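Novice: What shape does this take:
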Amino acid sequence: MTNPNAEEGGFIASTGFEISVTLIQTIYRRIPKLYREDCMNYGTKKNNFVANKIECIRRRIQAKIFEKCRCIDPSLGVVKSLRQYNFTDVKDSCCIEAILNVISLHSHHVVAPYLVTQ
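Specialist: Next comes the predicted model:
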């Protein structure tokens with residue numbers, strides 16, 4: 001037996017009978033951008049300065065690290081012309097670790113075209 005669809009066929013309720021109805025709300029929320037890390041639409045030819053999504057994400061991480069710490073993480077390997085952080089300097093290491101922790105806690109990459117909540 002299939003459940004009736006109230007939006008398509010409605011409900012027929014006869015008088016004198018007890019009727020039990022359950023309603024479920026489904027909300028679709030569209031993702032605001034193609035990628036939350038503000039990388040481009042990789043299907044277009046206009047954005048050929050970044051080879052792929054991974055490189056774009058690494059560039060965004062490097063930019064955030066440089067903005068806060070004034071140095072870069074050489075392990076990401078995308079921007080080599082800026083000051084690399086000193087592995088033995090506690091200040092540099094703690095700063096980069098703090099930035100990476102913030103990024104990992106607040107980055108929610110969604111693969112699905114929409115989110116469904118019930």
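
Novice: so where do the helices sit in the protein?
Specialist: Assigned by DSSP state H, the helices in the chain fall at 53-69, 90-106.

Novice: what sits up against the last one?
Specialist: By Cβ atoms under 8 Å, 6 or more residues apart in numbering, the list of residues contacting helix 90-106 from outside reads 61, 64-65, 68-69, 71, 73, 85-87. Every residue, glycine included, has its C-beta placed from N, CA and C.

Novice: hang on, the earlier thing: how about the helices of the chain in CSV, adding mean pLDDT and distance to residue 27?
Specialist: Output for those, formatted as CSV (pLDDT from 0 to 100; distance: least, Cβ to Cβ, whole Å):
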stretch, mean pLDDT, distance to residue 27
helix 53-69, 83, 28
helix 90-106, 86, 23
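
Novice: do you know which of these lies nearest residue 24?
Specialist: The minimum distance between residue 24 and the helices of the chain falls on helix 90-106, with 30.9 Å, by Cβ to Cβ.

Novice: list the buried ones in the closest one?
Specialist: Applying a neighbour-count criterion of 16 or more other Cβ atoms under 10 Å, one finds 92, 95-96, 99 buried in helix 90-106.

Novice: in this structure, which ranges drop under the pLDDT threshold?
Specialist: Confidence mapping of the chain against pLDDT under 70 gives the ranges 1-9, 29-51, 53, 78, 106-118.
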